[in-house]
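Colleague: please find the sequence and the predicted model below.
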Amino acid sequence: MDRQGGGQPRPGAHRTLAECGDQPWITATEGTLCRTMTVRACRSAGFVPRTRHRVDDFDTVLTLVAAGQGVALVPESAVEQPPSGVALSALDTVRRTAVAHRAGAGGRPAVAVVAEALRAAVPDALREPAGRR
């Protein structure tokens, strides 16, 4: 996500993660999976993020981006409507979520109902094509 002052997306806003290497970053706090994945993604793009703010709430992250405080990675499922002036750029990175249950409990009706309810809650636009799971 990238923004310039005045609420307008910056001309030539970043389109790849590597293009964000020189920007200040808004990351999650140390020890969280979101922070770990952001650092891994940035390192794979050839840089270590220079963290300006550490925040664990995606709405706050987006507000900071809109205020020009840095760039951030957020899961697509966390962004219903980005604030004015925030540009979103899709990355090739994929985040998968699994249902964890006790060994042997996968066949229990309650586990199956919860797993299906979670799958049904995912918007179609965020679903992986069958066969890529």
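Modeller: Thanks, I have the structure now. Residues are numbered from 1 along each chain as shown.
Colleague: got the residue ranges for the helices in the chain?
Modeller: 33-44, 58-66, 109-121 (DSSP state H).
Colleague: could the ones you listed be laid out in CSV, adding distance to residue 50?
Modeller: Yep, even glycine has a C-beta here, placed from its N, CA and C like the rest. Converted to CSV, those look like this (distance: least, CB to CB, whole Å):
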stretch, distance to residue 50
helix 33-44, 10
helix 58-66, 15
helix 109-121, 36
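Colleague: from the ones you listed, which stretch is densest packed?
Modeller: Most buried of these, by mean neighbour count (mean count of other CB atoms under 10 Å): helix 58-66, with a mean of 18.
Colleague: from the contact counts, what lies against that one?
Modeller: Helices and strands touching helix 58-66, by 3 or more CB pairs under 8 Å, 6 or more residues apart in numbering; DSSP states H and E, are strand 24-27.
Colleague: where does the protein have its least confident helix or strand?
Modeller: helix 109-121 (a mean of 90; mean pLDDT, DSSP states H and E).
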